[in-house]
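1. pasting a predicted model and its sequence here:
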Amino acid sequence: MTVEVPTVVRKRPADLSEEDLRGALAKHEGNKTRAAQELGIAVNTLKARMKAFGIE
């Protein structure tokens, strides 16, 4: 019996859309640390991308 492991598709930080960021932040109720972990990026990278998109 084989078990299939789902593959996680990770995007490069530059490829993350505003929708990706907003979705992760909403899911984690604004917790930047958890949102960054879900997206597979550093918190500082998340903050930089948020600033680029004008997300507070």
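-> Great, that's in hand. Numbers count the residues shown, from 1 in each chain.

2. so what's the residue most central in space within the chain up against?
-> Computing the C-alpha centroid of the chain and ranking residues by C-alpha atoms, centre = their mean puts Leu39 first, at 2.7 Å. Residues in contact with Leu39 (C-beta atoms under 8 Å, 6 or more residues apart in numbering) are 11, 16, 20-21, 24, 46. For the C-beta atoms, the positions are set from N, CA and C on the backbone; glycine is no exception.

3. need those residues in a markdown table with neighbour count, can you?
-> Below are those laid out as a markdown table (neighbours: other C-beta atoms under 10 Å):
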| residue | neighbour count |
| --- | --- |
| Lys11 | 12 |
| Leu16 | 20 |
| Asp20 | 16 |
| Leu21 | 21 |
| Ala24 | 20 |
| Leu46 | 23 |
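
4. what strand or helix carries Gly23?
-> Taking DSSP states H and E as the definition, Gly23 sits inside helix 18-27.

5. which other helices and strands does that helix contact?
-> Applying 3 or more C-beta pairs under 8 Å, 6 or more residues apart in numbering; DSSP states H and E, one finds that helix 18-27 contacts helix 32-39, helix 43-53.

6. swap the cut-off to 6 Å and go again
-> Where contact means 3 or more C-beta pairs under 6 Å, 6 or more residues apart in numbering; DSSP states H and E, helix 18-27 is packed against helix 32-39.
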